[in-house]
Every structure is written in structure tokens, then in C-alpha cells.
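*Asks:* Following is a predicted model, sequence given first.
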Amino acid sequence: MDMKATRQAARHRRRRLGLMMGTPLALIAAGVLSYLVMAFPSARKADAGNVAATPAAGTPMIVQPGPGSLTAAAGPTTAAAQPSAPRTRRTASTVAPLAGRIRPKVTYRGVATAYDAGNGGGACLYGPSGDLMIAAMNHTDYEASKACGAYVRVHAANGASITVRITNECPLPCAPGQLDLSKQAFAKLANPSLGRIPITWRLLSPRMSRTISIRYKTGSSRWWCGIQVIGHRNPVARLEVRSSNGWRRLPRTPYNYFISADGSGCGGAIRITDIYGERLTIKGIALRPNVAQPTRVQFARH
């Protein structure tokens with residue numbers, strides 16, 4: 001009996017000890033559970049705020065163009081891939097890498113004035129012209145004859161417009177953006193009595209059926225020559241001649257001739273390049289001064 005009583009007493013002691021130890025553990029577990037329940041809504045709110053501020057990959061995000069950009073295009077992209085400049089805006093330099101001050105897809109602002117064009121001659125030395133829808137480019141944008149032969153579309157504030165070809169230079173104080181139109185061209189935009197009107201204009205690559213012509217300057221020979229390009233659709237950026245050492249680029253004068261001072265390449269093959277980078281090779285042009293000799297080529301339309 002004593003042994004049995006002793007065993008029962010031991011079992012009761014172990015049971016009380018388990019209860020004593022289990023109670024604090026249960027209290028601790030209950031406290032942790034209460035903390036998690038209270039914290040969970042706050043965590044959900046914080047997560048929701050993060051999602052709103054940072055779009056997940058694949059969510060459309062509109063990129064706004066910066067001020068002063070040539071184009072207003074800004075296409076949708078994703079937060080995962082940042083757009084590069086060539087993808088969000090197309091600059092004139094990528095369209096016409098050899099362009100000078102006058103670039104395609106750019107609108108220029110200025111004023112239009114009028115002058116007596118006479119027979120259509122001018123600083124570009126194209127000579128007389130039966131088409132008097134022509135203009136003199138201001139000294140800055142004329143850029144030492146780079147503007148010669150360019151076609152521009154001119155718009156007046158009243159909605160009238162006219163296409164003119166650049167055949168002359170308007171000297172200072174003609175301001176950048178200014179066009180000095182022939183009286184005939186000015187009359188297509190406004191009453192000639194106004195004398196001066198605000199305009200906008202853009203470079204044009206017009207439709208045309210005629211081909212390019214080449215002319216050697218008066219006095220040209222196999223020891224010295226000047227070469228001019230006439231009737232080109234797009235502005236000419238370069239002229240090269242074939243020499244014993246390959247293609248040689250000739251310098252351009254303010255009077256719109258490319259000069260070979262030592263006669264290299266005079267009377268040989270000629271290669272011309274427009275502002276868009278298109279190259280045309282012309283052969284068989286005789287060294288005949290002051291004669292416009294037609295070719296079979298023309299620059300592509302843009």
C-alpha cells in the first residue's frame with residue numbers, strides 16, 4: 001500500500017508540474033497570436049501603398065516628352081524597361097545626317113519680305129529662270145550656299161501657302177528664319193502692300209519629273225574647274241570627283257560651285273550626296289564650261 005501510494009503521489013506531482021509549465025507557454029503563444037492579428041491589417045495597407053507607387057512589370061506607363069523636343073511623340077512603355085531617347089523621339093539628325101541648319105521635319109518661324117527677282121538669277125548662280133516662285137534665304141540659314149536649290153513650303157498666318165526654291169541670299173540684317181520672297185511669290189501669300197508678314201516654313205522634298213544637271217563654271221579646264229549641281233530634289237551636301245587616289249571631296253564656295261583648285265578630277269566621274277546620305281555617281285559629263293548637261297539621275301523623295 002505504501003508503494004502504491006508513493007507511485008500515485010509521484011504521478012500527481014508530474015501532472016502539477018506539467019500544468020505549471022504549460023500555462024506560461026500558452027500565455028506566450030496567445031500574446032504572439034494577438035500581435036500578428038493586430039499587425040496584419042497595417043501590413044496590408046503598407047503593401048497596398050507600395051503597389052500604387054511602383055507599377056509592377058508589364059504595367060503601361062506614359063512617358064511625357066521634355067520641353068523643346070522636336071517631336072511630341074511619347075509612346076507607352078513598361079516600368080520594367082526604361083525607354084531610350086531614340087525610341088521616344090526622332091531627331092532630325094537621324095533623318096538627315098548631313099543636313100546643315102535647315103533640317104527636315106522642323107518648322108521655322110520668321111518673317112517674309114519681298115524683292116524684285118528680275119529674271120530669277122541670284123547668289124546661287126543658277127542663272128535666269130522662267131519660274132519666279134523663288135526666294136532668297138537669310139544670310140545665317142543660307143549657310144555659305146548650303147541652302148541653294150532647297151525647296152521650302154511657306155505658310156502665312158491667313159492660311160495661304162506657297163512652295164518656293166532657294167536661289168538667292170538675303171544679306172544681313174535679314175534675321176534667321178526670314179525669307180525674302182520674289183514679289184510674285186509674296187503676292188500668293190498676302191497683299192504686296194503689306195511688305196512684311198509673319199510666316200512659318202519647312203523643308204520640302206517635292207515631286208518632280210526632271211533629272212539633275214551638271215554645269216562646269218566658266219573658265220574651267222583640266223587644270224582648274226568649278227562644278228555646280230542643278231535641279232536637285234533635295235539639298236546637296238557633298239560633291240566628290242574621281243582622282244588617281246580615289247574619290248576626293250571638293251570644297252563648296254558661297255556662290256554655289258564646288259572647286260577643284262588643281263584640276264584633279266575635272267572632266268571625270270562625279271559623285272554627289274544629298275543631306276539624307278543618298279549618293280549618285282555620274283559619268284560621261286564633258287568638260288564644257290557654262291553648259292548645263294542633263295543626267296539620268298535624281299535623288300529619292302522624302
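*Replies:* Great, that's in hand.
*Asks:* Please make it C-alpha for all contacts and neighbour counts, starting now.
*Replies:* Fine.
*Asks:* What segments of the stretch 201-302 of the chain are strands?
*Replies:* Assigned by DSSP state E, counting those that start in this stretch, the stretch 201-302 of the chain shows strands spanning 213-216, 225-230, 236-243, 246-249, 258-260, 270-274, 279-282, 292-294.
*Asks:* Pull the contacting residues for C174.
*Replies:* Counting by C-alpha atoms under 8 Å, 6 or more residues apart in numbering, C174 touches 138-139.
*Asks:* Could you look up the SS state of it?
*Replies:* coil (DSSP: H, G, I helix; E, B strand; the rest coil).
*Asks:* measure it to K105 for me?
*Replies:* Using C-alpha to C-alpha, to the nearest Å, C174 is found at 23 Å from K105.
*Asks:* State the number of residues packed around I270.
*Replies:* Other residues within reach of I270, judged by other C-alpha atoms under 10 Å, total 23.
*Asks:* Let me see the contact set for it.
*Replies:* Going by C-alpha under 8 Å, 6+ apart, I270 touches 239-242, 281-283.
*Asks:* Which parts of the stretch 101-250 of the chain are helices?
*Replies:* For the stretch 101-250 of the chain, the helices identified by DSSP state H, counting those that start in this stretch occupy 139-142, 183-189, in order along the chain.
*Asks:* Please name every helix or strand in contact with the last one.
*Replies:* Looking back up the chat, that one is helix 183-189. strand 108-115, strand 161-170 (3 or more C-alpha pairs under 8 Å, 6 or more residues apart in numbering; DSSP states H and E).
*Asks:* which of the residues in it are buried?
*Replies:* 183-187, 189 (16 or more other C-alpha atoms under 10 Å).
*Asks:* now stretch 243-261
*Replies:* Within stretch 243-261, the residues that qualify as buried by neighbour count (16+ other C-alpha under 10 Å) are 248-250, 252, 254-260.
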